[in-house]
Structures are given as structure tokens and as C-alpha cells.
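>>> below is the structure, and that's it, no one-letter string:
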Ligand SMILES: [Zn+2]
């Protein structure tokens, strides 16, 4: 690709830039999906209609943005709340030395927008939790290059809560599905997966695939340290609280904090004849970082971008559905179908409808009676919570005395008085089912009387 | 095989900004799981649970009043903080009562395997409650956090018993002053 091309020629769908893409998108082949129609419209769709969200502008994010932009995607958004650090520059190639301290999302977007004029990247320097459902709904596909399980679980929950279900048979309305392509790397290991929320295994279905956090026994850390990590954990868990050097909790992004931990950990290591405490290791242990390998990021991002392309164009079946990759000793990879869990708290928890005659006369106690006596439920001691205005609220729980006492007054209130609206979801835990289940209140006739 | 999924027909309309700030309408998976744990908790009669805010099931206190063993007659408060990554990660548990105990240090750190290296997501709040209760019945000098207390327990059981009861009444043991924690 020549960088001397004028914007006019690169903007055209006939530009040489798309020569190879057009071979794929304008010719039929035996492996195309049934709904694939070879046509210039496919490239047109990528350029002008299809909207992609990339979450994370770090090691994977830089690769993803570059891959997707060069593949012909024209409208990409990127979210990242982090700023650029010196140690990012070896692999996060959209950033330069004088970008240090600036927003990753903004620098990455600027770089792509300048370098690849057929693509416009919109940056968001924010947390994923800053955006609501209506924001995520605008995208055709969401790709994640994250290093946090909490963030993956959050976006997974968001996409599942946007699903709509067919009222008769409980099947997922396909038009409510936003596919999620998730990439992850740790050193020389990585994985890429395709999640069709509601149809295929989600993040919660396979939560046990994430390696557990390494936690050393506290007594080893305190009394018989053998590893440099033990010394660092000691300072982090025990010495920090004891000495409270900055009158706040430990912040892994604060260089002063890291320096303090480093010095104390070094002292402790010397005391026990342990070597290997370095500033980098301290950073790694505090922030749970495993050193990133540029080539692993490149492979995983390429696999993810390919899946985005296949879903967007229907030119080939999606990977089914979880690829593992390891390049520590040669290259090893395999792909298998991770199974959707029947007990998944996120995607198998399809809200079941409970019909309520009149929310103004039906009390919470009446609702509990329905849950216990209705042959559909036959519960014993249901504990009920809900979410109102984004806040969790415990409606009633009989099994814990201190909660029972303070939620008892709710029993005699009507559902309307408790602020439960038509369509409200309530979460019910009971010994008769292995998980907390989600019910949806459906009011027949009378609406809640507003005063 | 899954149903053929096609995104072609999908019209996407959404709010460009959509920054209402985390207006979740649905409880998180961690939240649903802790609700199950709490609702199904069968506490031993020596234990009670306090929720400072009944709407917040992620932060609570466990009060243990052992009815046998070295710590009989005492009242010990543990603070639980359950994070957004529950049950992938164990809750953070600290002892708020100063206690002369081989497995609990003076800052309230607790050495209990299932809180750290042996945590796994099938364990529940109930498992931790029983684990903590057991620490008061069988303090374990092999895994010490308070090394002095552990040494005394290992070498002189009688003295250990004496020190525990002294500490619980509100006294110095060695250099350390313990607040009274009798029921
Ligand atoms: Zn699931």
C-alpha cells in the first residue's frame, strides 16, 4: 500500500487498496455462507454502514484497529481509559515517545485516521461502565482486547441484558444479538473466541477457563518467604496497611506507591537472602501483569479481526467457537466448541414472566405466596432483590435475621408502592433451584397509580 | 450446530453518546451469585451476620461467639468485602477484633487456605463461615501469622490458654494490648 495515494483515489471502492478484498467479496465460492451474495455492496457495507466497537487500545487493541481498518471497515469506535506509558511502546505501535501521558484511545484513533483515510475511528477515553445500553446497541459487532476478567464479565452481562426473547417459545430474537469477539493474551499464550450472546457459550458459561489468580498462602508470605513474589506480597498485604505510608490504599498506577513497595520488598528479600526483586516485578505482582509478547498479540488480533470480517460479510462460517494458541515452544493451536452452560447465571437466566392482576393491591407478601404455591415455582423461602434506578434493592430475605428485620415492612406494601413497574425484573434465590433466577413482572390491566 | 446467524439485515440505531453512567437494569452475575449464597446460608448457632445496608449484599460482617474451646465467651467480628469478580476471586475477609491467635495477625489478616491459595468458585460464603469458625476451635500453629502465639501454643498449651483468656478480658500479652472482647 502506497502512502502517496491521494485521498480521492483511496476513498473510491475501485481503489487498488481493495483489490484483494474484492476477490473475496465479489466472487462466490463453495464455502460461503448461505446468505452470502457476491457483490460490490459487501465492501460498500464495510465502508459505510457496518459499525464496530473495539474495547481496549492496548497491545491487542492497536493490532485490532490496524487490522480492521486495513480490511475495509470504515466506522470504528474505540474505548480505553488508560494513558500511554513508556513500557507500552515496544508493542503498541500506534504510539510514539511524545504520546506518553496522552489517552490511548485518542492517540490510536488519530494515528489510524491519518494513516488510513478510508477509516474513521472515534475515540472514547472512558471506562466501559460509563456507557449504557443505548450506546452499545449502535454497534454491529463488538471486539474486546481486554486484560481484565471483570471488564469482560461486565460487557458480557450488558450484551445479554439487551437480548429480546420470543414470548411463545422463549427463543432469542436474532435481531437483538450483538456478536462479541473476545481476544486475550498472557505472554506466549492466547485465545480468541466468538460469542453470539444467547446462542453460544458466553463469558460466564466458561468462567472456569480463566486461570485462577495466583495467591500465595498468607503464612508463607509472613514467615517463610522463598520467592521474590512472597516479599512483594508481604509489603502489599501486610506492611502497607500497618505503615499506611500515603494515607490511602495502594494504587498500582502510582509510581510513588510502586517505589515504596519496591524498597520495602528489597529490604525484606535481603533479610531472607532472596534475589530477584525488581521494579518491573513489583509492578507486575501489584497489577497482576504477565509480560506481553508482541507476536502473540498479533496472532490473536488477526484471528479476532478475521472473525469480525466473516460475521460482517457472511463470506465464511464463524469459527466454532474457542481457539487456544501457544507459541512458547513451536506453535500449538486448537479450536473447539465451548458449550453453553445450562446453569449459566448470565445467558441461561431467561426472565420468566409472572402475571400480576393488579400491582396496586398485590403486596410483596402476595407475590411470595404466588412463588411458593404456584405449581410452576413451588419455592420454600424465596429471597428477592431487584434493581431500581441502577441500584440494587433487597425486597425481602427471610433467611438472614438482620436483613429480614429491615425488609419485613416491605411485605405489606403493594408492588406499586415498592416502585416495581410493569416489566420489572426481580431476582429470586431459593433452595429449590441451583441459581438465583430472574422473573419479569407483567401487569394485566391496571397500571401503577402514580401520585 | 447453532442456528445460522446473520447480521446483514440488522439495523443499528443507538445513542451516539449514551453516557448515562452505568444505569444497569439487571443485576450482575456476581450479584446473583452472592444473593444465592446469602439466601441459602445456614449459620452455625455460634455465628450471626450483620448487613450495615440490606440493599448491599456485597459488604457485611460475620460475628462469631465460640461456645467451646480456647475462645469460648469471646465475640469476634469479621468484615467481608465481596468484589465484582466473585466467585472467580475470593471475598476479602479481615478480623476487626484484636485477637491473640496463631492464624490471625494484629492487623486482622487471616491465614485460612480457602481465602487465598485454595479458593475456587464452587466454594461459598458458607464455606468461609465454617472455615473461620473452625479456626477458633482448632487454632493451627503450623500456619502461623502471629508467630509468638503459635510458638506458645506449640510449647505450652496451658500458657496459651491463659494468654487467650487474658487477652479476651482486655490486657497486655507481652508487648501487645488487647481490647476486651467478651460477649
Ligand atoms: Zn452463559
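The structure has been received and is ready for your questions. Keep in mind the model is a prediction, meaning the values are calculated, not measured.
>>> residues near the closest residue to residue A:245 other than its chain neighbours, how many?
Closest residue to residue A:245 apart from its sequence neighbours, by CB to CB, 6 or more residues apart in numbering or on different chains: residue A:260 at 5.4 Å. From N, CA and C alone the C-beta is placed, and that goes for glycine too. Residue A:260 has 19 neighbours, counted by other CB atoms under 10 Å in any protein chain shown.
>>> secondary structure element holding residue A:260?
Per DSSP states H and E, residue A:260 falls inside helix A:255-271.
>>> the residue nearest to residue A:245 against residue A:244, yeah?
No: counting by CB atoms under 8 Å, residue A:244 is not a contact partner of residue A:260; they are 10.9 Å apart.
>>> is residue A:312 in contact with residue A:139, as I believe?
No: with contact defined as CB under 8 Å, residue A:312 does not reach residue A:139; the gap is 11.2 Å.
>>> identify the contacts common to these two.
Common neighbours of residue A:312 and residue A:139, using CB atoms under 8 Å, 6 or more residues apart in numbering or on different chains, are residue A:52.
>>> who's more crowded, those two?
For residue A:312 and residue A:139, the more surrounded residue by other CB under 10 Å is residue A:312, and the numbers stand at 24 against 21.
>>> next one: that one from the ion, what distance?
To the ion, residue A:312 is 24 Å away according to CB to the ion, to the nearest Å.
>>> quickly find the element holding that residue.
Assigned by DSSP H and E, residue A:312 falls in helix A:294-313.
>>> what about that helix and chain B, touching?
Yes: using CB under 8 Å from any CB of the partner chain, helix A:294-313 reaches chain B at A:311, A:312.
>>> near chain B, anything from the helix or strand following that helix?
The C-terminal neighbour of helix A:294-313 among helices and strands, as given by DSSP H and E, is strand A:322-326. No: using CB under 8 Å from any CB, strand A:322-326 never reaches chain B; the gap is at least 13.4 Å.
>>> Provide the strand pairings for the helix or strand following strand A:322-326, with the direction of each partner.
Following strand A:322-326 in sequence order, the next helix or strand is strand A:332-336 (DSSP H and E). Note on strand A:332-336: by DSSP bridges, its sheet partners are strand A:322-326 (antiparallel).
>>> what residues sit buried inside the partner strand?
If you call a residue buried by 16 or more other CB atoms under 10 Å in any protein chain shown, then strand A:322-326 has these buried ones: A:322, A:323, A:325, A:326.
>>> go on, stretch A:201-209?
A:201, A:202, A:203, A:204, A:205, A:206, A:207.
>>> looking at those residues, which is nearest chain B?
residue A:204 (5.0 Å; CB to the nearest CB).
>>> so that closest one makes contact with residue A:343?
No: judged on CB under 8 Å, residue A:204 makes no contact with residue A:343 at a distance of 9.8 Å.
>>> what about the nearest residue in space to residue A:97 that is not next to it in sequence, how many residues nearby?
Using CB to CB, 6+ apart and skipping residues adjacent in sequence, the residue nearest residue A:97 is residue A:89, 6.7 Å away. Per other CB under 10 Å, the neighbour tally for residue A:89 reads 14.
>>> which parts of the stretch 301-450 of chain A sit against chain B?
Checking the stretch 301-450 of chain A against chain B by CB under 8 Å from any CB, the hits are A:311-312, A:314, A:318, A:320, A:345-346, A:349, A:381-383, A:385-387, A:389-394, A:397, A:399-403, A:406-407, A:425, A:427, A:429-431, A:435-436, A:438.
>>> what ranges does chain B have for its helices?
B:29-39, B:125-137, B:147-155, B:157-168 (DSSP state H).
>>> for residue A:70, which non-adjacent residue is spatially closest?
Spatial nearest neighbour of residue A:70, excluding adjacent residues (CB to CB, 6+ apart): residue A:116 at 6.5 Å.
>>> quick one: that neighbour from residue B:64, how far?
Going from residue A:116 to residue B:64 by CB to CB, to the nearest Å gives 62 Å.
>>> could you do residue A:44 as well?
Going from residue A:44 to residue B:64 by CB to CB gives 68 Å.
>>> who has more neighbours out of those two?
residue B:64 (22 against 15).
>>> so the more buried one touches residue B:132, yeah?
Yes: contact criterion CB under 8 Å: residue B:64 and residue B:132 qualify, at 6.3 Å.
>>> what is in contact with those two at once?
In contact with both residue B:64 and residue B:132: residue B:78, using CB under 8 Å, 6+ apart.
>>> could you confirm residue A:54 falls within a strand?
Yes: under DSSP: H, G, I helix; E, B strand; the rest coil, residue A:54 falls within a strand.
>>> in the stretch 1-150 of chain A, what residue spans correspond to strands?
Residue ranges of the strands in the stretch 1-150 of chain A, as given by DSSP state E, counting those that start in this stretch, are A:51-55, A:75-79, A:120-124, A:141-145.
>>> any chance of TSV for these, columns mean pLDDT and distance to residue A:24?
Conversion of the strands of the stretch 1-150 of chain A to TSV gives the following (pLDDT from 0 to 100; distance: least, CB to CB, whole Å):
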stretch	mean pLDDT	distance to residue A:24
strand A:51-55	97	18
strand A:75-79	98	20
strand A:120-124	98	23
strand A:141-145	97	18
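>>> reformat these as JSON lines; add distance to the ion and mean neighbour count.
Output for the strands of the stretch 1-150 of chain A, formatted as JSON lines (distance: least, CB to the ion, whole Å; neighbours: other CB atoms under 10 Å in any protein chain shown):
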{"stretch": "strand A:51-55", "distance to the ion": "19", "mean neighbour count": "25"}
{"stretch": "strand A:75-79", "distance to the ion": "23", "mean neighbour count": "24"}
{"stretch": "strand A:120-124", "distance to the ion": "27", "mean neighbour count": "20"}
{"stretch": "strand A:141-145", "distance to the ion": "16", "mean neighbour count": "26"}
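>>> residue of the stretch 251-400 of chain A closest to chain B, please.
residue A:383 (3.5 Å).
>>> report the beta-bridge partners for that residue.
Per DSSP bridges, the residues bridged to residue A:383 are residue A:429.
>>> which residues does it contact?
A:394, A:396, A:397, A:398, A:399, A:428, A:429, A:430, B:35, B:38, B:39.
>>> got it, and residue A:362?
A:356, A:414, A:415.
>>> state the distance from residue A:112 to residue A:370.
55 Å.
>>> tell me which of those two has more neighbours.
More crowded of residue A:112 and residue A:370, by other CB under 10 Å: residue A:112, with 23 against 18.
>>> thought the more buried one was touching residue A:118?
No: contact status for residue A:112 versus residue A:118: not in contact, 10.2 Å apart, counting by CB under 8 Å.
>>> so what sits opposite residue A:142 in the bridge?
Under the criterion used (DSSP bridges), residue A:142 bridges to residue A:53, residue A:180.
>>> so it is in contact with residue A:177, correct?
No: taking contacts as CB under 8 Å, residue A:142 lies outside contact range of residue A:177: 11.0 Å.
>>> closest to the centroid, which residue in the chain?
Assuming you mean chain A. Centrality entry for chain A: nearest residue to the mean C-alpha point is residue A:152, 2.2 Å, by CA atoms, centre = their mean.
>>> which residue, neighbours along the chain excluded, lies closest to it?
Nearest non-adjacent residue to residue A:152 (CB to CB, 6+ apart): residue A:203, at 5.1 Å.
>>> on that earlier part again, relative to residue B:153, which of the buried residues of stretch A:201-209 is nearest.
Lowest distance from residue B:153 to the buried residues of stretch A:201-209 (CB to CB) belongs to residue A:207, with 39.3 Å.
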